[in-house]
Structure formats: structure tokens, C-alpha cells
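> model this:
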Amino acid sequence: MRHTAALIACGALMLLVRSSGAEHARAAEPPVGGYPIRAVPAIAVQLTDHFWRRRLEINRTVTIPHIMRENEQTGRVDNFLKAAHKIAGPYQGQRYNDTDVYKIIEAASYALRIAPDPMLDKKLDALIAIVAAAQEADGYLYTPRSVDPKNPAPGAGPDRWSWLGTSHELYDQGHMYEAAVAHFEATGKRTLLNVAIKSADLVCKVFGPDARHDVPGHEEIELALVKLFRATGDRKYLDEAKFFLDQRGRPHTNPPLVFEPGSRFAIYNDLAYRQDHEPVDEQLQAVGHAVRATYLYSAMTDVSALLHDERFGRTVDALWRDVASKRMYLTGGLGAEPRTEAFGDDYVLPNHAYAETCASVGGMLWYHRMFLREGDASYYDTFERTLYNGYLSGVSLSGDRFFYQNPLVSNGTIERSAYFDVACCPANLSRLMEQIPGLVYAQRDDELYVNLFVGSTAVVNVGGSTAHVTQATEYPWDGRVTIRVDPDRPADFALSVRVPGWSRGAAMPTGLYRYADGPATSATLSVNGKPSAIALDKGFARLRRVWRKGDVVVLELPMPVRRVVADERVAEDRGKAAIERGPIVYCLEAADNSASGTPVSSVRLPLDARLTHAFNPTLLGGVEVISGAHVVAVPYYAWNNRGKGEMTVWIPYD
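I've put the predicted structure just below:
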């Protein structure tokens, strides 16, 4: 499987080279570039880590099969059979339910890339055949209309592309393209890729500078078209992605529909809700639906890198600063407004947060791209904060119960669900889980980045050698990270190790949150047992030397228990502090604090209260527990795994 994927990557590269030929050449087109930094692919990384390897195994053996069964039992798969006229009956569910099938195909494909599984491979083949059968002759694939064209699903509109603001037609196609690329890269099979190409060719025919001017109400196809371009080398898909970006906030062929106030679709009257209120390079403040926004910003970052578009580059820089300084929860969660799943006003971060799991996924996809573009560890600091907190909280330890919303406080009524009527989050979370091996390391020329601290082995070509890099750590519970470098011959290259902001006294790169309890701790670094000074460059300790087999780097990150306070402009958190240790945000849960008779909501914890920590291997799958002053705190990501009960992250200290 690994060799197959490598050959596929080479083939895609050759297609990309050929795409510069006469067939694709247009005088006005700028040359295609790429990200200055590229991720070390998942096929080159093997996890040995106790924390993440176990979670990926649960994702593969529990979460993916669970979601596949739910899709079958809730009629999501049957909708494709109905569209293909294999079975009879009306369309079932929401107009965007096709994507739940596509996203789990993507997740399962990533799982196959890491761990070959003949039964899962066969299951995917059968599911893809059902999807392909539902595609219409010209490439159109949207079961909410195809099942019964005279009675399309609510919100789909009477005709093709007629209600783009609400229909999710292009959103659905985008998730299908992502699934197709993942399946092709994992297996070498073109069964779903051919479906995606046929669909994308139709989209490029219908929408473009010389065709229809319009945009999807829910962004997704933009970044997916970039992926399709990179997999096939066909330049028109990249151009189409840029077209959709440039068209946003400008006059459309079909003016946006206006819905009656109070109707279920009235929210779409607000163009800012779907980031269509002004041209994207003028959108310097994050507004509207948080998931849509992060997908949009990811596509803008892609186009900025591939087409050297500095307009988009400057815009995503400003947007990241805006999000990270005014609109991000301590857990990395995004989206404060429950009714609209949207960003709130400046510093409006109520703890009854919406913080949709999909928004955490979208944010992480964006932060990763920002790092690949700029090489700044700040983006991975926000990535890590989200990964261990606002993202991981979205799935139960058992792998078959989920949060759609991830609030920072609960009155005891909130609990996880096996699935949802709107089930975008479970499969979204699952597909990102399988991508984690490919997010640990990155490379630029003769520089190798260590971005995440995850026990792993990686094989990279760097400095003219093939090097095996081995990482050993008990992170996130222990801050000791041992990195062994074994090149096949002496090699001159830089090893750049991220020194997390939390270890340097910066809870957030932007100052939205800060530590209240004293000066920063000091990380230390050694090479082959000898201390090495840490000279930071964009948050990385860069070690440039001739590496030889058996060289060992040790990074020590002290992990004291810290108290965190928010910017005073975050009104709801004034007079309160949270608890952190390393990258982990903690919470008080009723299951650990009911013995005192004091409700969690009534607990007070002075800033100078003495807190200790100890690892409990039998609690919540094994966690570091913080205790003291009559309170017990557990990692936020693990809450609500022992039944319903009160919970809070922010604790009054006065």
C-alpha cells in the first residue's frame, strides 16, 4: 500500500509537470507554485505513541464502522440507491446528507493508507459503486434532487443550481472530491476519482468567467478543487477554485434569494453569514458561520501559495490574527453564536459556547496551511491547542459517541449522542483523526520540522540522505521528547523543533489568554547529551549540523500546573481563571467534585491555591489529574465520559 501510494504521488507529479505544456498553457495564467514547506506524508510516518496510536485504532475499528452503519440505518446510503433507481422511495433527511457518506469514505481511505484492511477495502468498493450509480450522465450528482426532481428536498431549489445560497449542491460535490482524492491516493483505484472528475468538469462548464457567475452558500468546493488539481494536474480545477473565491461578494448571475422573516431559511438573507457580503480580499474580520469561514480561509491560503497571490496572503494573515486575538476559545473552539453557528463580535466568547466540532476541524486545516505557507510555530501552537482540547472533546473515549457543540460549561443536562440528524461532525472528526500521522513532521529543502510531539518513526529524504527519525515521548503528560536521527550517510541539514508557546509563557500567540502565575518556564535542549542553547526562529529551535547515525536530541519542556486568565475584554471570564498543564486545558466535573456537597458552579479557587498533579492510569483511559484545595480537575477533552453532570472550565477566583 505504501509503495502504491508513493507511485501515485509520482504520477500526480508527472501530471503536474505535463500540465505546463501546450494543452494547459494560457498566456494570462500565472505559473503554479506551491507551499514553501510540505508535510511529510502519512505513508512515511508510523505512530508508536500510546496516546494517539490508540485513538487512531479506535477510530479505525469503532468510529468508522459506527458511522457507516448509521449512514445505512438513517437512509443516507439509500438516497444514492434511490437516485440510481435501484430502490424506490422519497429522499430522506437533510439536503447535505450526501456529505456524511463522502466524508466517511475519505476517513476510511486514510485508514487504509495507514493500515491495509481487505474487508474495509471491499466495503469501500461497494459503497463507491453505489455513489457512482447515482451520478447522472453529464456528471451531476446530488441526491436531494435526483431522487425526485419534481420534489427536491427542502432548501434544494426547484432546478439545478437555482438556490445555491441554501442548496449545498457545490458543498456536497466538494466533499466528494476530497473523498475521491483520498481514495485514489490510498488505493490507486480511480473508481471514485473518475466520478469526481466528471462532476468537476460539469461544474467548470457551468460556472466561470465566461459562464455563470455565482458562488456556493457553504464553502468547501474551493479547497476541494485545489486538491483535485494537485491529484490530476489539470489546471482548470485550480482556476475554478480561484474563480469561486474571486466571485464572492460580487454581482452574481442569479441574485440571492430573499426569504420571509421567521422561515427556516431566513438566516441566508444575511450575506455575511456565508461570507458573500464583500470581496474576500477585503474581509479582514472573521464573520458569519465559522465552519464556512475556515473552509474559505483554507482555500484562500491554498490559492495564495499556489498562485503567488499576495492579496489573499495578506488577507489570511489578517484573518488569523483577528480570530486568534478576539474569537477563539481557550480550547481552540470557534463559533460563539448558537443560532447561526457563527463568530461573535469582538471578545464575545460566552462559555455556553457553540464551538462546533466541525469548526475546530476547519480551523486546524487552516492553521496547518498557514504554517506550510509561512513556517511560523504560532500556527501550530493554535493547532495543538485545538487538537488536544476543542477537537478531541468531540468524540468519546469509546469512539461511538459525539459532541456537535463543545461548550466550556454545563449545568448537567448535556451529553454525547450516537449520531445526529445533522451529522456533519462525526465523520469530519474521523477523517481528520486519520490524517494526524501526516501532520507531525514537515520539510523545506534541507530543513526538517518537528511540529507535534508524538511517538513515531518517519523516513525522510533530507540533506542528500535517507534519514530515519524516531520520536519517543509520553507527551502530553510528560514534557521530555527524545528525537533520534539515523541518516544512511552523514548529512548536513537543519532539524527544527517547535518550542511551544505554552512553554515560553505565552498561553496564546496573540495575548487573548495569558498565564496569571508567574514567569515562563524554560525549555532545555541537548544534543548527544551536551546542552545546546535554544535560539528561537519563529518559535523553532533550529539545529544545523552534520547528522550521523545515532545522534540524539532531547527537548525538555517543564509542565507545571498553570492558571490562565482571559483578556479583560472577554466579559464572561473576568474574575475567573482556568487550569492548564502543558497543552491540556482542564475542567471541573461533577463526577470528581460531588463529595464536598458544593456544586461545580459554586466552586471558588484562589489564584494562589496549591495544585498538584499525578497520573491515574485507570481513570478516563489514563490521564494526568490535577487536585488541591478540595477540587479535582480532569482534561477537558475527556469530560462527559462518565454520564451527565455539571462541568466548568473557568473557575471564579475571588
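> center of this structure - which residue?
residue 361 (2.8 Å; Cα atoms, centre = their mean).
> show me where the stretch 401-550 of the chain has helices.
For the stretch 401-550 of the chain, applying DSSP state H, counting those that start in this stretch gives helices covering 424-433.
> how about residue 297, nearest residue that isn't a chain neighbour?
Leaving aside its sequence neighbours, residue 297 sits nearest to residue 366 (Cβ to Cβ, 6 or more residues apart in numbering; 4.9 Å). In short, each C-beta sits where N, CA and C put it, glycine included.
> just the angle between the helix or strand hosting that neighbour and helix 424-433, please?
Element membership for residue 366, per DSSP states H and E: helix 357-374. Angle, helix 357-374 to helix 424-433, by axes from the mean of the first three to the mean of the last three Cα atoms, to 10 degrees: 40 degrees.
> for residue 495, give its distance to residue 239.
Here the criterion is Cβ to Cβ, to the nearest Å. By it, residue 495 lies 38 Å from residue 239.
> and if you look at residue 175?
21 Å.
> what about these two, which has more around it?
Taking other Cβ atoms under 10 Å, residue 175 and residue 239 do not tie; residue 175 has more neighbours (26 against 19).
> mind checking the SS state of the more buried one?
helix (DSSP: H, G, I helix; E, B strand; the rest coil).
> could you verify my assumption that it touches residue 224?
Yes - counting by Cβ atoms under 8 Å, residue 175 touches residue 224, with 7.0 Å between them.
> what about the helices in the stretch 551-654 of the chain?
590-593.
> can you pull the contacts of residue 486?
By Cβ atoms under 8 Å, 6 or more residues apart in numbering, the residues touching residue 486 are 467, 468, 469, 470, 549, 550, 551.
> which of those are buried, as a ChimeraX select command?
Buried residues among those (16 or more other Cβ atoms under 10 Å), as a ChimeraX selection:
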select :467,469,470,551
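> let's have the contacts of residue 486 in a markdown table, adding distance to residue 458 and pLDDT.
Below are the contacts of residue 486 laid out as a markdown table (distance: Cβ to Cβ, whole Å; pLDDT from 0 to 100):
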| residue | distance to residue 458 | pLDDT |
| --- | --- | --- |
| 467 | 8 | 97 |
| 468 | 7 | 98 |
| 469 | 5 | 98 |
| 470 | 8 | 98 |
| 549 | 15 | 97 |
| 550 | 16 | 97 |
| 551 | 15 | 98 |
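> which of the contacts of residue 486 fall in strands?
467, 468, 469, 470, 551 (DSSP state E).
> how close does the second one sit to residue 448?
Here residue 468 is placed at a distance of 12 Å from residue 448 (Cβ to Cβ).
> the first one now?
In this structure, residue 467 and residue 448 are separated by 8 Å, where distance is defined by Cβ to Cβ.
> joint contacts of the two?
residue 460.
> can you report how many residues neighbour residue 88?
The number of residues packed near residue 88 is 8, by other Cβ under 10 Å.
> the one 3 residues further on too?
As a burial measure, residue 91 scores 23 neighbours (other Cβ under 10 Å).
> shift numbering so it begins at 36
From this message on, residue numbering opens at 36, which makes the last subject residue 126.
> that one touches residue 117, doesn't it?
Yes - the criterion here is Cβ under 8 Å, and residue 126 meets it with residue 117 at 6.8 Å.
> anything in contact with each of those two?
Common contact partners of residue 126 and residue 117 (Cβ under 8 Å, 6+ apart): 178, 182.
> give the contact list for the closest residue to residue 219 other than its chain neighbours.
Closest residue to residue 219 apart from its sequence neighbours, by Cβ to Cβ, 6+ apart: residue 228 at 4.3 Å. With contact set as Cβ under 8 Å, 6+ apart, residue 228 has these partners: 215, 216, 218, 219, 266, 267.
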